[in-house]
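In: pasting the structure only:
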């Protein structure tokens, strides 16, 4: 799967504020070839997020993990005062954004034995 390396910015600060979901979740960030480091996800949009912690530089390409979602590839677009912003190469689907913002994790498969089903019947 190919990703575009171009980064686009919203037209205005108001546009950024309207789409932003304030969250407070633990996650990890990993640069290519490094081990994951703990971060806190502070806010989130379909196109990116603001994180606290980690040791990254502007323009670093990273993988971000939140909850049970697969890692999200992004690029660090700013760094300031212990926080940094990442723009995702591929925007989150609306359902993924809602799931993270609501604090839900991806459902895990549940195995119910045939014997348990027969006992309930």
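Out: That came in fine, so what should we check first? Just so we're clear, the structure is a prediction, and the values are computed from it rather than from any experiment. Numbering: from 1, shown residues only.

In: just give me the longest strand of this protein.
Out: Taking DSSP state E as the criterion, the chain has its longest strand at strand 21-31.

In: next SSE after that one?
Out: strand 37-44 (DSSP states H and E).

In: which outside residues touch that next one?
Out: 20-30, 49-55, 64, 66, 83, 97, 100-101 (CB atoms under 8 Å, 6 or more residues apart in numbering). Where you see a C-beta, it was placed from the backbone N, CA and C, and this is true even at glycine.

In: can you select the buried ones from those residues in ChimeraX?
Out: Selection of buried members from the contacts of strand 37-44 for ChimeraX, criterion 16 or more other CB atoms under 10 Å:
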select :20,23,25,27,28,29,30,49,50,51,53,54,64,66,97,100,101
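
In: okay, and the beta partners of residue 64?
Out: residue 29, residue 72 (DSSP bridges).

In: that one contacts residue 29, correct?
Out: Yes: with contacts counted by CB atoms under 8 Å, residue 64 reaches residue 29, the gap being 5.4 Å.

In: mind listing the shared neighbours of the two?
Out: Counting by CB under 8 Å, 6+ apart, the shared contacts of residue 64 and residue 29 are 39, 51, 86.

In: got a markdown table for the residues you listed, with pLDDT and distance to residue 74 too?
Out: Putting these into a markdown table (pLDDT from 0 to 100; distance: CB to CB, whole Å) gives the following:
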| residue | pLDDT | distance to residue 74 |
| --- | --- | --- |
| 39 | 94 | 12 |
| 51 | 95 | 10 |
| 86 | 96 | 4 |
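
In: and those, which is closest to residue 93?
Out: Nearest to residue 93 out of these is residue 86 (CB to CB; 17.3 Å).

In: any idea how far the closest one is from residue 47?
Out: 10 Å (CB to CB, to the nearest Å).

In: those two: who's more crowded?
Out: residue 86 (27 against 20; other CB atoms under 10 Å).

In: now the nearest residue in space to residue 48 that is not next to it in sequence, which residues is it bridged with?
Out: Leaving aside its chain neighbours, residue 48 sits nearest to residue 87 (4.1 Å; criterion: CB to CB, 6 or more residues apart in numbering). Beta bridges link residue 87 to residue 48, residue 75 when assigned by DSSP bridges.
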